[in-house]
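A.B. asks: with the input below, show me the fold.
(chains A and B)
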Amino acid sequence: MVILKIAGIFSFILLFFGLFVFGPVYDRIPVQAGVFVCVVAWSTLRFSLRETASLIKFCLPFLFTLMIFGIAFQLIRLQGREDWIADTLIKCLIFPSSLIFLKILLTYITYLDILRLPVPMKRRIDLITIKSAFGKGGAMLNRFLWYLDTYPGIFSGTRARKLLIRYACLVIALYLYLYEEIEDSNRLLRNRYHHLLGGRNEEH
Amino acid sequence: MKNIKIAFLALLVVVALMTLFIRIPLPSRGYFNFGDVAVVFSGLVLGGLAPRRKFWWGGAAGGVGSALADIIGGFGMFAPITLLAKGAEGGLCALAAGRRGAGHWVLMALGGGAMVACYFIAEAVMPNIGLQGAVSELVPNLIQACGGIIGGRLTHAAFQRIVKPAAA
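C.D. replies: Predicted structure coming up:
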């Protein structure tokens, strides 16, 4: 039953990407706009309006740069093409749609579903750890940037230096945070398995 | 779980998130991003941790993380190329870890060069991009490769100074 559920979810994801990202309706703006509205409505029902807004906010810096460059490319008619604005609009709709869609679908795979998978416990623990790491990493990214912005002392010098320090700090902070999180959650899971379920040390 | 596996999972997520985070679109419908810093960093960290198969650990973290970001971010048509290009970059940077002097920098430069070459060849044969688009992306890709190598190397140097040995 669990396998059917997970296979169904991944088939749905493949269908979505096959149709709207790689497929025949990629360049149809009204369809992409409709998909975006549906995905936002679904996200609002599944999570909340606030969380949906924060997901869209996460996409905004990229969408902003997309628009700027799309307009600039259109103005100079780069490579002789006239469809830069349309292409930009499609991307601006696809990016948040696919991001939110994937997030919604993956939340339907619960930790209990993973635990019921007919695979060795070691693999189940690995899968739970990966799911947990993605969720925690995404949530912490903006918070780390906010913390970094509260340290004006390290942002002196040229623009390139500021950018480098900001993102170097972000990479290191995110890595260290995730390393500890994965290590802790993995230790806890294995401990629970051995002591509560009487599991043998099958992963060794 | 072994340290190398924990580090691999953590770096896979870091590469995917950093690639998704800031991106500037390019003429060939691709984009310029800061994920390369994370790819080089992950290669160097995993290369330092792995006793053997350094190339595969570094390549898997860089390639899979970046390809995942492509798929999530709506640039799915680039995902297979990204898997190869960033995989080669991460793998060669992992081989560079632990080496000193010219060998270290040559392997890292080869990693950046492999990334640029993979994208150039793939884009040149893609019907909706062609040779013209591939040529126009050479300079941005070279800048990205150089920025990734310098940024990733400096980030790794800073990381080595502050971190406990288990994660480094």
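A.B. asks: so which strand or helix has residue A:181?
C.D. replies: helix A:159-196 (DSSP states H and E).
A.B. asks: show the pLDDT at residue B:133.
C.D. replies: In this prediction, residue B:133 carries a pLDDT score of 63.
A.B. asks: and residue B:85, how far is that from chain A?
C.D. replies: 19 Å (CB to the nearest CB, to the nearest Å). Heads up, the C-betas are built off the backbone N, CA and C, glycines and all.
A.B. asks: quick check: closest non-adjacent residue to that residue.
C.D. replies: residue B:118 (3.6 Å; CB to CB, 6 or more residues apart in numbering or on different chains).
A.B. asks: coming back round to it: tell me the helices and strands packed up against the helix holding residue A:181.
C.D. replies: helix A:121-149, helix B:3-21, helix B:35-49, helix B:138-162 (3 or more CB pairs under 8 Å, 6 or more residues apart in numbering or on different chains; DSSP states H and E).
A.B. asks: what's the pLDDT at the residue nearest to residue B:85?
C.D. replies: At residue B:118, pLDDT is 92.
A.B. asks: next one: residue A:49
C.D. replies: 91.
A.B. asks: and the helices and strands packed on helix A:159-196: which comes nearest residue A:22?
C.D. replies: helix B:3-21 (18.3 Å; CB to CB).
A.B. asks: which helices and strands does the closest one pack with?
C.D. replies: Counting by 3+ CB pairs under 8 Å, 6+ apart, helix B:3-21 packs on helix A:121-149, helix A:159-196, strand B:31-33, helix B:35-49, helix B:54-72.
A.B. asks: mind doing that once more with 7 Å?
C.D. replies: Helix B:3-21 is packed against helix A:121-149, helix A:159-196, helix B:35-49, helix B:54-72, with contacts defined by 3 or more CB pairs under 7 Å, 6 or more residues apart in numbering or on different chains; DSSP states H and E.
A.B. asks: follow-up on the earlier one: the helix holding residue A:181 vs helix A:121-149, what angle?
C.D. replies: If you take axes from the mean of the first three to the mean of the last three CA atoms, to 10 degrees, helix A:159-196 sits at 150 degrees to helix A:121-149.
A.B. asks: the inter-axis angle of helix A:159-196 versus helix B:138-162?
C.D. replies: 60 degrees.
A.B. asks: buried residues in helix A:159-196?
C.D. replies: Going by neighbour count (16 or more other CB atoms under 10 Å in any protein chain shown), the buried part of helix A:159-196 is A:164-179, A:181-183, A:185-186, A:189-190, A:193.
A.B. asks: ditto for stretch A:90-109
C.D. replies: Across stretch A:90-109, burial judged by 16+ other CB under 10 Å covers A:90-105, A:109.
A.B. asks: which of the residues you listed fall in helices?
C.D. replies: Among the buried residues of stretch A:90-109, the residues falling in helices (DSSP state H) are A:90-105.
A.B. asks: go back to these and keep what's next to chain B.
C.D. replies: Restricting those to those within reach of chain B (CB under 7 Å from any CB of the partner chain) leaves A:91, A:94, A:95, A:98, A:99, A:102.
A.B. asks: reformat those as CSV; add pLDDT.
C.D. replies: Listed next are these as CSV, based on pLDDT from 0 to 100:
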residue, pLDDT
A:91, 80
A:94, 83
A:95, 78
A:98, 82
A:99, 80
A:102, 83
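A.B. asks: before we move on, back to that, look up how far chain A lies from the residue nearest to residue B:85.
C.D. replies: 20 Å.
A.B. asks: ok, residues contacting the host helix or strand of that residue?
C.D. replies: Using DSSP H and E, residue B:118 sits in helix B:102-125. Contact with helix B:102-125 is made by B:28, B:81, B:84-86, B:88-89, B:92-93, B:95-96, B:99, B:129-131, B:133-134, B:137-138, B:141-142, B:145-146, B:148-149, B:153, as judged by CB atoms under 7 Å, 6 or more residues apart in numbering or on different chains.
A.B. asks: okay, the angle between that helix and helix B:138-162?
C.D. replies: Helix B:102-125 and helix B:138-162 meet at an angle of 140 degrees, taking the same axes, to 10 degrees as the criterion.
A.B. asks: could you give the angle of helix B:102-125 to helix B:35-49?
C.D. replies: Going by the same axes, to 10 degrees, helix B:102-125 makes 140 degrees with helix B:35-49.
A.B. asks: buried ones in helix B:102-125, by neighbour count?
C.D. replies: Residues of helix B:102-125 classed as buried by neighbour count (16+ other CB under 10 Å): B:104, B:107-108, B:110-112, B:114-120, B:122-123.
A.B. asks: and for stretch A:80-90?
C.D. replies: For stretch A:80-90, by 16+ other CB under 10 Å, it's A:84, A:87, A:88, A:89, A:90.
A.B. asks: for stretch A:118-130, same thing?
C.D. replies: Quick answer for stretch A:118-130 (16+ other CB under 10 Å): A:121, A:124, A:125, A:126, A:127, A:128, A:129.
A.B. asks: take these and write them to CSV, including pLDDT and distance to chain B.
C.D. replies: Listed next are the buried residues of stretch A:118-130 as CSV, based on pLDDT from 0 to 100; distance: CB to the nearest CB, whole Å:
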residue, pLDDT, distance to chain B
A:121, 81, 12
A:124, 83, 13
A:125, 83, 8
A:126, 81, 8
A:127, 82, 11
A:128, 84, 11
A:129, 84, 6
